[in-house]
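1. pasting a predicted model and its sequence here:
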Amino acid sequence: MSGVEESLAELRQAFKSGQTRSVSWRKSQLRAIIDLVQDNEENIFRALYQDLGKHPVECYRDEVGVVLKSAKYSLSFLEKWMAPKKGRLPLLFFPTSGEVMPEPLGVVLIFASWNFPLTLALDPLIGAISAGNTAVLKPSELTPACSSFLADTIPRYLDCRTIKVISGGADVGGRLLQQKWDKIFFTGSPRGGRIVMSAAAKHLTPVTLELGGKCPAILDTLSSPSDITIAVKRIVGGKWGPCGGQACIGIDYLLVERKFASTLIDLLKLTIKKFYGEEPQNSKNMCKIINKAHFERLRNLLEDPAVAASIVHGGSLHEKELFIEPSILLDPPLDAEIMTEEIFGPVLPIITLSNIQESIEFINSRPKPLAIYAFTKKDSFKRQIVSETSSGSVTFNDTMVQFLCDDLPFGGVGQSGFGRFHGKYSFDAFSHEKAVMTRGFFPEIEPRYPPWNGFKLRFIRLAYDFDYLGLLLLMLGLKR
């Protein structure tokens, strides 16, 4: 038996014992995650800097703070989420009780992504624990320092019989996918999502796929100079701020009216300079590209001659440091790879339109994105975006902040993924809602049984159409 199989067998035995179903176990593990993060904050900062070049402030904003908030939120509402919910039943079945009872799925597998290696590992794990499951966490091999940190630290804080970390590369991921799981939660690329779905189909395993896509931002005409300034800051923050543009919900491209393009580019340049200085490659406020392969992919996108001709800012590459300068493109060819594939890097194409209303059609002509961002003060345009486009989420007048809201579901649609998590939605993602119905032996509804006749058809029709009249007939004993 391999190490993977041995771990899975131990997790199944632990789940079978029933210990993970108790409130006390779930709360103890959530508190352990809080302790783990708080006790090891500096170690987390070092690991994230080593793997991605993240500044401690960015580490806390996007990783440490997110996990602490999520764990504390789940602790606060756990017992409410676990409580059975009463179900409304037809009066015809009186006296009958019904309830919906959440139960854990069993042994779950969580694949974490490399761009937020702490958040995308521990946030889904919080949901799995809250729901009462045992779990295997597979960190990304692309962030070896963070993967080692999780593998070394989690067993010291969490119950190692019920929560296991299995590190390794694609070969380990492949062996994990060969096993039978009760749920697989995957964060990554659409290509990886297809591999997971294909493996899960063999066992009919339910999956949650948190993928990516080309998330657009729409910039409508704003009359107030202060509104424009704030919008541009939030656009720069939403493009280059999270992991140097390597974020599934980061802005991929920007739609704007042609007449405003030159002014916008000037404002973007000024804001980039303010955030990252005259020489961004020497700044400590922007992450590096994750590895050489991703760097070469981005280089190839930018060195396409038609794309290179559209560069209006940036474009310099520093291979040794795996750093690409914040870059702006103006109207690159729409059939170029940079406009058909997710960029996942510090490059922002600006697409100009004669009228901002054309943005609706532009977005709808492409796969459904994980997020749409729109900066506008027009309520009618907001309603149009919500009603006429499809995406995982829509955020008006800001970027990225929807990810921090535990009361809002986070997830994709179509090619950007399916399933959702955060807060109660994470609990639901790792739970099965079981219907429980209890009846007595009296009264009996004789018209439900053959032999059939006209009266029984009228009775059943009446019971479906007018539930209270069906009950009345039953109580009067009108049966034949």
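-> Received it, and whenever you're ready, just let me know what you need. Numbering: from 1, shown residues only.
2. any idea how far Val236 is from Lys274?
-> 9 Å (CB to CB, to the nearest Å). For the C-beta atoms, the positions are set from N, CA and C on the backbone; glycine is no exception.
3. ok, now Phe403?
-> Taking CB to CB as the measure, Phe403 and Val236 are separated by 17 Å.
4. equivalent analysis for Gly106, please.
-> Distance check for Gly106 against Val236: by CB to CB, it reads 44 Å.
5. of those two, who's got more company?
-> Counting neighbours by other CB atoms under 10 Å for Gly106 and for Val236 shows that Val236 has the greater number, 23 against 20.
6. for that one, what are its contacts?
-> Taking CB atoms under 8 Å, 6 or more residues apart in numbering as the contact definition, Val236 lies against Leu268, Thr271, Ile272, Phe275.
7. of all those residues, which comes closest to Ser426?
-> Phe275 (32.1 Å; CB to CB).
8. so how far is the helix or strand encompassing Thr271 from its chain's centroid?
-> Assigning secondary structure by DSSP states H and E places Thr271 in helix 261-276. For helix 261-276, the distance from its own C-alpha centre to the chain's C-alpha centre is 30 Å (CA atoms, centre = their mean, to the nearest Å).
9. can I get that helix as CSV, trimmed to CA atoms?
-> This file holds the C-alpha atoms of helix 261-276, laid out as CSV (Å, rounded to 0.1, in the frame of the first residue of the first chain):
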residue,chain,number,x,y,z
ALA,A,261,-8.1,56.6,-23.7
SER,A,262,-5.2,59.1,-23.8
THR,A,263,-6.2,60.7,-20.5
LEU,A,264,-6.7,57.3,-18.9
ILE,A,265,-3.2,56.1,-20.0
ASP,A,266,-1.6,59.3,-18.5
LEU,A,267,-3.4,58.7,-15.2
LEU,A,268,-2.4,55.0,-15.1
LYS,A,269,1.2,55.9,-15.7
LEU,A,270,1.2,58.5,-12.9
THR,A,271,-0.5,56.0,-10.5
ILE,A,272,1.9,53.2,-11.4
LYS,A,273,4.8,55.5,-10.7
LYS,A,274,3.3,56.5,-7.4
PHE,A,275,2.8,52.9,-6.3
TYR,A,276,6.0,51.3,-7.7
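10. now do it, average pLDDT.
-> For helix 261-276, the per-residue pLDDT values average out at 96.
11. elements contacting the helix or strand that that helix is followed by?
-> Toward the C-terminal end, the helix or strand that comes next after helix 261-276 (DSSP H and E) is helix 292-303. In terms of contact count using 3 or more CB pairs under 8 Å, 6 or more residues apart in numbering; DSSP states H and E, helix 292-303 is assigned the packing partners strand 317-318, strand 323-324, helix 337-340, strand 347-353.
12. list the buried ones in helix 292-303?
-> His294, Phe295, Leu298, Leu301, Leu302 (16 or more other CB atoms under 10 Å).
13. now for Leu408, how many residues are close by?
-> By other CB under 10 Å, the residues close to Leu408 number 15.
14. next one: it from Ala374, what distance?
-> According to CB to CB, Leu408 stands 16 Å off from Ala374.
15. Gly132 now?
-> Remark: distance between Gly132 and Ala374 (CB to CB) = 39 Å.
16. same check on Arg156?
-> Using CB to CB, we find Arg156 at a distance of 45 Å from Ala374.
17. so which of the two has more stuff around it?
-> Each of Arg156 and Ala374 has its neighbours counted (other CB under 10 Å); Ala374 has more, 25 against 12.
18. pLDDT averaged over the helix or strand harbouring that one, what's the number?
-> Using DSSP H and E, Ala374 maps to strand 372-375. Mean per-residue pLDDT for strand 372-375: 98.
19. what about Arg448, how many neighbours?
-> Residue neighbour count, defined by other CB under 10 Å, stands at 11 for Arg448.
20. and it, what does it touch?
-> With the criterion set at CB under 8 Å, 6+ apart, Arg448 makes contact with Ile460.
21. which phi and psi does it have?
-> The phi/psi pair for Arg448 (degrees, to the nearest 10) reads phi -80, psi -10.
22. do the same with Arg175
-> In terms of degrees, to the nearest 10, the main-chain angles of Arg175 are phi -70, psi -40.
23. pretty sure it is touching Leu8, no?
-> No. Counting by CB atoms under 8 Å, Arg175 stays clear of Leu8, with 10.5 Å between them.
24. ok, the two, which is more surrounded?
-> Neighbours were tallied for Arg175 and for Leu8 using other CB under 10 Å; the higher tally belongs to Leu8 (22 against 15).
25. what's the distance between the spatially closest residue to that one that is not a sequence neighbour and Gly173?
-> Of all residues beyond its chain neighbours, the one nearest Leu8 is Gln179 (5.5 Å), with distances taken as CB to CB, 6 or more residues apart in numbering. Computed with CB to CB, the distance linking Gln179 and Gly173 is 11 Å.
26. those two: which has the busier surroundings?
-> More crowded of Gln179 and Gly173, by other CB under 10 Å: Gly173, with 21 against 17.
27. the more buried one against Ser140, yeah?
-> No. Taking contacts as CB under 8 Å, Gly173 lies outside contact range of Ser140: 9.5 Å.
28. hmm, back to that, filter the contacts of Val236 down to the buried ones, ChimeraX style.
-> Applied in ChimeraX, the following selects the buried portion of the contacts of Val236 according to 16+ other CB under 10 Å:
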select :268,271,272,275
